[in-house]
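**Student:** Mind looking at a prediction? Sequence and model below.
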Amino acid sequence: MNPVEVHQGSSPVILGLPHTGTHVPEAIKARLNEQGQLLTDTDWHVHRLYDGLLDGVTTVRATFHRYVIDANRDPSGESLYPGQNTTTLVPLTDFDNRPIWREGEEPTEQDVRHRVDAFHRPYHAALEAEIARVKALHGVAILYDCHSIRSHCPFLFEGQLPDFNIGTNHGKTCAPEIETATADICAAADGYSSVLNGRFVGGWTTRHYGRPEHGEHAIQMELAQATHLKSEAVPFDYSEEKAARLRPHLKAILARLTEIAPSLKGK
């Protein structure tokens, strides 16, 4: 299976989808334990949630699961959140700190190097190419990185996560107009909670590609899965009813970013 799916569009906005893939090669799957094979930490149905919200949008989607290798982690293995609980480039545990590999079958350093070459690098080569293509078309590119996570993950954060979690690495990864527009739409969304640069300030993708001084902007949206799933537990079914309430707000964000894009050229 190709590690990345790309759908090219004409919009200045690119959707990054690093964690919706569920493909695990059989040789790797055999090494996962029962807990790991549940693939609990998937961004369940996020690609479906955003589908059709913006005409002409480009999408870059990893088809492999984050347990194979996490496409939103620094390939060097450097932690995104030093001093805080998180998962690694090739996770050893799930978001509840439970081991996901059979004892003695944990990934080796050689495994990690191979997976960087076979999965991580092709995904980012495709993403980088699309950013360059879109920027050539519009003079600017806006990467909107799509994520989700369970509302309660005590190992990673205390209490309940807000519904909309916007990350810009404290304003470093995009123009202030992008940050403000996104935050304002989320804050005005009736019945939803939001935070800007809270527990999640943007993963490696957002931080790596967000270079507003070069016309390359990046923003991460981490949605609480309670906003669009029937239940944040197996089988993680999609809720059409919840999604129907949520999608107009996401559509408004993408539309506003598209409107803003021309004003960012040359800044």
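**Tutor:** Received, thanks. These numbers were taken from a predicted model, which means no experiment stands behind them.
**Student:** Ramachandran angles for the residue lying closest to R150 once chain neighbours are set aside?
**Tutor:** Nearest residue to R150, sequence neighbours excluded (Cβ to Cβ, 6 or more residues apart in numbering): E232, at 4.5 Å. Backbone N, C-alpha and C define where each C-beta goes, glycine included. Main-chain dihedrals, E232, degrees, to the nearest 10: phi -90, psi 40.
**Student:** since we're on E232, how many residues are nearby?
**Tutor:** Applying other Cβ atoms under 10 Å, we find 17 residues neighbouring E232.
**Student:** Pull the contacting residues for it.
**Tutor:** 150-152, 225-226 (Cβ atoms under 8 Å, 6 or more residues apart in numbering).
**Student:** Most neighbours out of the residues you listed, which is it?
**Tutor:** Ranked by neighbour count (other Cβ under 10 Å), these have Q225 at the top, with 24 neighbours.
**Student:** first to last residue in stretch 162-180, what's the distance?
**Tutor:** 17 Å (Cα to Cα, to the nearest Å).
**Student:** what comes up buried for stretch 205-215?
**Tutor:** By neighbour count on 16 or more other Cβ atoms under 10 Å, the buried set for stretch 205-215 is 205-212, 215.
**Student:** Please convert these to JSON lines, extending it with distance to L53.
**Tutor:** Formatted as JSON lines, the buried residues of stretch 205-215 follow (distance: Cβ to Cβ, whole Å):
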{"residue": "T205", "distance to L53": "20"}
{"residue": "T206", "distance to L53": "19"}
{"residue": "R207", "distance to L53": "25"}
{"residue": "H208", "distance to L53": "25"}
{"residue": "Y209", "distance to L53": "21"}
{"residue": "G210", "distance to L53": "22"}
{"residue": "R211", "distance to L53": "25"}
{"residue": "P212", "distance to L53": "24"}
{"residue": "G215", "distance to L53": "24"}
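**Student:** closest to I178 among those?
**Tutor:** P212 (8.3 Å; Cβ to Cβ).
**Student:** most residues in a single helix of this protein, which one?
**Tutor:** When the chain is parsed with DSSP state H, its longest helix is helix 240-264.
**Student:** Tell me where the stretch 101-250 of the chain has strands.
**Tutor:** Using DSSP state E, counting those that start in this stretch, the strands of the stretch 101-250 of the chain run over residues 141-149, 164-167, 194-196, 216-224.
**Student:** Indicate which one of those strands is closest to V4.
**Tutor:** For the strands of the stretch 101-250 of the chain, proximity to V4 was assessed by Cβ to Cβ; strand 141-149 is nearest, at 14.5 Å.
**Student:** Put the alpha carbons of that closest one into CSV.
**Tutor:** Extracted C-alpha coordinates of strand 141-149, given in CSV (Å, rounded to 0.1, in the frame of the first residue of the first chain):
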residue,chain,number,x,y,z
ALA,A,141,0.2,28.2,1.3
ILE,A,142,-1.8,27.5,4.4
LEU,A,143,-1.4,24.0,5.9
TYR,A,144,-4.3,23.1,8.2
ASP,A,145,-3.2,20.0,10.1
CYS,A,146,-6.2,17.8,11.1
HIS,A,147,-6.2,15.9,14.3
SER,A,148,-8.4,14.4,17.0
ILE,A,149,-8.0,12.9,20.4
